[in-house]
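Undergrad: after the sequence you'll find the predicted model.
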Amino acid sequence: MSELQFLKSIIDEAIFKGLHPKTQRLAEITRIPKRAFVALQIPKYESKRNPDTQKWENVVTAGIMWLDVDDQPDQLSQIKDQIENRYGRILCYGNFPTHDAKSKKTRMKYEVYSEGEDLNPWDILAQFCDMHMGKIVKVNEQVNALEQAVRDANLLAEAEKAENAKLKAELEALKPKGKDETKNASK
Amino acid sequence: MAAVANVGVLANGYTVNRVLSAIAAPEFAKSAVFTPLIYSEDMPANAGTKVKSFRREAGTTLIEVGSSGLAEATALGLGAPREDSSVDATLAKAVVIQALSFESQRFGTQSKESITKSQARAIARAVDNQGLALFSSVTNLVTATGDLLLDDLDAAALLIRQGETPDAGMMLNFVGSHKTARMLKKDVRESGGAAMSNERFLSIFNGPAQANGFYGSLPGINLYSTSGLATTGGNDIQCLFHPMWAFAGVFDTDISVLTTEVGSGGLYSELVSYFFWAQILWCAPAACEVQSDT
């Protein structure tokens, strides 16, 4: 990632549209960190000085929370705590070490943390984030979608069957009647 | 046969065709500032898990009985049960592995001891940086309009007090940037004679910053400065927090060091330092994120 890339460039458009205006503004001016991270939108209780009255006022607003997961990838509980207890919402994640990372150091880090055939902790974290961001559809939703697809296919088959029957009837009606009468007469 | 990569050899030390200075300048890197300031526990050995739950007790409210009060001999329903919560801290290991050739150990200037000390400092920095990154997860926020002023810190302290954080008698800790340290001193200096003659304000002028980043205190607040803070939109993300109830950590009591002598594999010593740790935001109301110009 280049130095001048801002967070907005890696946030899914649909997610971005649903964010608090302050989070949107922050995402536009905040650079993507160089280390592995997860970014969340969390509510903020902000105390700020009113420039007109010079008085301190408290407002409920939003902000971006960063979780540095470069050296400590096992922070799923922190993310869950924010989501379940503090109305947090995952915006994006990045720079997770991978087995094919450009940097040798990063590749080594990935290997050091991989335990046997188990998933790497960053992979587990990425999977959770994707699930939360709606990139992976949950099992129930997948089942529902498949059932709906079967229902749609059945309805289509029924409609085609009805259409075929109708066409068949029309074809029958178009057949010359004289021949049939002859047949009947010969009987 | 081929040379093993990444083994410290003679050339990594100092050349020997000259006399060396009595001391070597230490590495110019940040020290651990945040980690020693939070509540910490250790992890029992052989616990069968690497997860420790930090508990949070919920409050209990009275049963509402109306404005007229409770009539005599009135049967009451059960109140709602108290719903406690917790947040998990999962221990992970920080590891540094380096190698030193036998030649380097026999003739060179880098010793196993100095390498393991370097490794320990590297681990301390990694742990500290991960802790600093927790600041953005705090709910309370004060954003200075430019550089940080004493008034901004007071506003942050007020939010923590308004959150009814227990143990209000303890000094709060502020961990901010080096620039903020300078700007706070400037604010005190420019605030006029009254503040300058007030001894309570003057401790932040009492000499240089200490090794742990401490540079003075204001009423109710100890001040620390460090680098490695996260930024957002041109602001440093700093934090004022209660030393007991805001953040928590689980740390090994020592950094473990392992030395392996490698023979046919390349004739060198492998030095491994590792440390298990976890840091979390425990109770958000006990802390306040403070943003000011980078």
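TA: Done, it's in.
Undergrad: quick one: neighbours of the closest residue to B:Glu57 other than its chain neighbours, just the number.
TA: What sits nearest to B:Glu57 in space, not counting adjacent residues and going by Cβ to Cβ, 6 or more residues apart in numbering or on different chains, is B:Asp84, at 5.4 Å. Using the backbone N, CA and C atoms, a C-beta is placed for each residue, glycine as well. Residues within reach of B:Asp84, counting by other Cβ atoms under 10 Å in any protein chain shown, total 9.
Undergrad: wait, isn't B:Asp84 in contact with B:Gly59?
TA: No: counting by Cβ atoms under 8 Å, B:Asp84 stays clear of B:Gly59, with 10.1 Å between them.
Undergrad: number of nearby residues for B:Ser114?
TA: Counted with other Cβ under 10 Å, B:Ser114 comes out at 13.
Undergrad: same deal with the one 5 residues further on?
TA: Counted with other Cβ under 10 Å, the neighbours of B:Gln119 add up to 22.
Undergrad: do the same with B:Ala209
TA: B:Ala209, neighbours per other Cβ under 10 Å, totals 17.
Undergrad: against chain A, how distant is it?
TA: Using Cβ to the nearest Cβ, to the nearest Å, B:Ala209 is found at 24 Å from chain A.
Undergrad: same question, B:Ala75
TA: 35 Å.
Undergrad: confidence score at that residue?
TA: Listed pLDDT for B:Ala75 reads 78.
Undergrad: three-state assignment of it?
TA: Following DSSP: H, G, I helix; E, B strand; the rest coil, B:Ala75 is assigned to coil.
Undergrad: how about B:Val175?
TA: Applying three-state DSSP: B:Val175 is strand.
Undergrad: same thing with B:Thr60?
TA: Classified using three-state DSSP, B:Thr60 is coil.
Undergrad: that one and B:Arg82 touch, don't they?
TA: Yes: counting by Cβ under 8 Å, B:Arg82 is a contact partner of B:Thr60 at 5.1 Å.
Undergrad: tell me the buried residues in the lengthiest helix in chain A?
TA: With secondary structure taken from DSSP state H, chain A has its longest helix at helix A:139-174. Buried residues in helix A:139-174, counted by 16 or more other Cβ atoms under 10 Å in any protein chain shown: none are found.
Undergrad: swap in stretch B:23-40?
TA: Neighbour counts over stretch B:23-40 (16+ other Cβ under 10 Å) mark B:30, B:32-38 as buried.
Undergrad: and the residue of the stretch 101-250 of chain B found nearest chain A, how many neighbours?
TA: Evaluated by Cβ to the nearest Cβ, the stretch 101-250 of chain B has B:Ala133 as its residue closest to chain A, separated by 3.4 Å. A count of nearby residues for B:Ala133, using other Cβ under 10 Å, gives 27.
Undergrad: following the helix-or-strand element of chain B with minimal mean pLDDT, which helix or strand shows up next?
TA: Least confident helix or strand of chain B, by mean pLDDT, DSSP states H and E, is helix B:193-196 with a mean of 56. Next helix or strand after helix B:193-196 toward the C-terminus (DSSP states H and E): strand B:214-218.
Undergrad: mind listing the strands that next one pairs with, and their directions?
TA: Paired neighbours of strand B:214-218 in the sheet (DSSP bridges): strand B:221-226 (antiparallel).
Undergrad: please work out which residues outside the strand it pairs with touch it.
TA: By Cβ atoms under 8 Å, 6 or more residues apart in numbering or on different chains, the residues outside strand B:221-226 that reach it are B:30-31, B:33-34, B:37, B:128, B:132, B:153, B:157, B:171-178, B:180-181, B:184, B:204, B:209, B:212-217, B:240.
Undergrad: give the rounded mean pLDDT of that strand.
TA: Mean predicted lDDT for strand B:221-226 stands at 95.
Undergrad: my read is that B:Val272 contacts B:Ala99, right?
TA: No: using Cβ under 8 Å, B:Val272 makes no contact with B:Ala99, being 9.8 Å away.
Undergrad: now do residue 181, the pLDDT please.
TA: No chain was given, so I picked chain A. pLDDT, A:Glu181: 50.
Undergrad: oops, chain B please
TA: 93.
Undergrad: so is the helix or strand it falls within next to chain A?
TA: Using DSSP H and E, B:Ala181 sits within helix B:178-190. No: using Cβ under 8 Å from any Cβ of the partner chain, helix B:178-190 stays clear of chain A, coming no nearer than 14.5 Å.
Undergrad: between that helix and strand B:221-226, how big is the angle?
TA: Angle of helix B:178-190 versus strand B:221-226, following axes from the mean of the first three to the mean of the last three Cα atoms, to 10 degrees, is 140 degrees.
Undergrad: any idea how far helix B:178-190 is from the chain center?
TA: 22 Å (Cα atoms, centre = their mean, to the nearest Å).
Undergrad: going by neighbour count, list what's buried in it.
TA: Those would be B:178-181, B:183-184, B:187-188, for helix B:178-190 by 16+ other Cβ under 10 Å.
Undergrad: show me which pair in those is furthest apart.
TA: B:His178 and B:Val188 (16.3 Å; Cβ to Cβ).
Undergrad: could you list the domains of chain A?
TA: Here the domain assignment for chain A is A:7-136, A:141-186, based on automatic domain parsing.
Undergrad: please identify the deepest-packed of these.
TA: Among the domains of chain A, ranked by average contacts under mean count of other Cβ atoms under 10 Å in any protein chain shown, first place goes to domain A:7-136 (a mean of 17).
Undergrad: could you pull up the mean pLDDT of that one?
TA: When pLDDT is averaged along domain A:7-136, the result is 88.
Undergrad: anything in it near chain B?
TA: Yes: counting by Cβ under 8 Å from any Cβ, chain B is contacted by domain A:7-136 at A:25-26, A:29-31, A:33, A:40, A:42-49, A:51, A:56, A:58, A:61, A:63-68, A:70-78, A:81-82, A:85-86, A:112, A:121.
Undergrad: show me where the chain has helices.
TA: I went with chain A, as the question did not name one. A:13-17, A:21-29, A:76-86, A:104-113, A:121-132, A:139-174, A:177-186.
Undergrad: looking at chain B here, not the other one
TA: Using DSSP H, helices in chain B cover B:102-107, B:112-132, B:150-162, B:178-190, B:193-196.
Undergrad: any chance of those helices in CSV, plus distance to A:His99?
TA: Output for the helices of chain B, formatted as CSV (distance: least, Cβ to Cβ, whole Å):
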stretch, distance to A:His99
helix B:102-107, 32
helix B:112-132, 22
helix B:150-162, 43
helix B:178-190, 38
helix B:193-196, 58
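Undergrad: how about these, which one is nearest B:Ala248?
TA: Among those, if distance is taken as Cβ to Cβ, the winner is helix B:112-132, at 10.5 Å.
Undergrad: what about chain B, any weak spots by pLDDT?
TA: For chain B, the stretches flagged by pLDDT under 70 are B:1, B:15-16, B:63-69, B:192-202.
Undergrad: ok, now with 80
TA: B:1-3, B:14-18, B:20, B:61-79, B:189-207, B:233 (pLDDT under 80).
Undergrad: what parts of the stretch 101-250 of chain B come near chain A?
TA: So far as Cβ under 8 Å from any Cβ goes, the stretch 101-250 of chain B lies against chain A at B:126-127, B:129-130, B:133-134, B:136-137, B:139-143, B:145, B:151, B:155-156, B:158-159, B:230-234, B:237.
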